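Novice: model this:
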Amino acid sequence: MLNKKEKNITRGLVAIFALVFAYTTISLLAPLQKTSAYWITDAPQQVNVYLRPSIGISVLDSTATSDITDLSINITPTSTGTFNKNSAVAHVYTTNPTGYTLYLSSDYQNHAGANTSSLINTNTSVDDTTATSIGNVPTLASSNVAESTFSAANSAHKNRWGFSRSWNETVAGNTYSGGSATAYYPVPVKGTQTVVRSDVTRQISSSNTTIGVGVNIDTTKAAGTYRNRLVLTAIANAE
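Specialist: All right, here's what the predicted structure looks like:
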């Protein structure tokens, strides 16, 4: 029979043995795990690399040769209204295989701080919140207004302005055309965009879209410089 002291020693040895056994077991199993991992890494592995499409936009003059920041239209109004226009080119480059969509909106605020798509006379402090203001030229009230109608004397669209869009080009042997340089549309207010062009067939190429601006003014408007900022946004289409 073991006395109490011998029993305690025996229990201590058993405990030590158990710890050693557990450690030994883990050590013995470790090489098996490493061997198993070795065979897994020996199998063919697939690597996926996703490249985001690039896209850029610049605004050029009507000949698409020089960058511009301002588009000027000079008008000497008459009592029946005088029409004039000018244009710029939105140059878009993208590597997106499904192309891009081009948007346009206004980014101007009147003297009262409200968003507006009107042309504002910057030479006056008139509160340009109403369509009848002498310092305010609102945008067209209807879409697809023919230039012949827009520019007519005493036109129903007198003291209005709008934009047109058109493109006709050949890229990589493919011809792209659309829109019309003589059909005008309302300019949306800040925060609201309108689609100028949606091109779904391009890949690693550039394209030009002509953005025209037309305005018909009569002598009821105050003299001075009327301004608005247009925002052109190109967004790559979903793949």
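Novice: What backbone torsions are found at G162?
Specialist: phi -160, psi 180 (degrees, to the nearest 10).
Novice: so T130 touches S118, yeah?
Specialist: No: taking contacts as C-beta atoms under 8 Å, T130 lies outside contact range of S118: 9.7 Å. Just so you know, the C-beta spots here come from the backbone N, C-alpha and C atoms, and that holds for glycine as well.
Novice: Name the residues contacting each of these two.
Specialist: Listed as contacting both T130 and S118 by C-beta atoms under 8 Å, 6 or more residues apart in numbering are N136.
Novice: of these two, who's got more company?
Specialist: S118 (26 against 11; other C-beta atoms under 10 Å).
Novice: thinking the more buried one is in contact with N228, fair?
Specialist: Yes: with contact defined as C-beta under 8 Å, S118 counts as touching N228 (7.0 Å).
Novice: quick one: A153 and T95, what's the gap?
Specialist: For A153, the distance to T95 (C-beta to C-beta, to the nearest Å) stands at 49 Å.
Novice: Show me how this structure divides into domains.
Specialist: Using automatic domain parsing, the domains assigned to the chain come out as 1-49, 55-236.
Novice: on that earlier part again, need the overlap of contacts for S118 and N228.
Specialist: Joint contacts of S118 and N228 (C-beta under 8 Å, 6+ apart) are Y108.
Novice: shaky segments in the protein?
Specialist: Within the chain, the segments meeting pLDDT under 70 span 1-43, 127-129, 131, 202-204.
Novice: And the strands in it?
Specialist: Under the criterion DSSP state E, the chain carries strands at the ranges 55-60, 82-94, 100-106, 108-109, 115-116, 119-121, 136-137, 145-146, 160-171, 174-185, 194-199, 205-217, 226-227, 230-236.
Novice: could I have the first one exported to CSV, CA atoms only?
Specialist: Translated: strand 55-60. What follows is strand 55-60, C-alpha atoms only, in CSV (Å, rounded to 0.1, in the frame of the first residue of the first chain):
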residue,chain,number,x,y,z
ILE,A,55,-12.1,56.9,-68.1
GLY,A,56,-11.4,60.6,-68.6
ILE,A,57,-13.0,63.7,-70.1
SER,A,58,-11.8,67.0,-71.3
VAL,A,59,-13.6,70.0,-73.0
LEU,A,60,-12.2,71.2,-76.3
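Novice: burial count for T78?
Specialist: 11.
Novice: And for G173?
Specialist: 5.
Novice: Please report how far it lies from T201.
Specialist: From G173 to T201 the distance is 12 Å (C-beta to C-beta).
Novice: ditto for Y226
Specialist: Counting by C-beta to C-beta - Y226 and T201 are separated by 38 Å.
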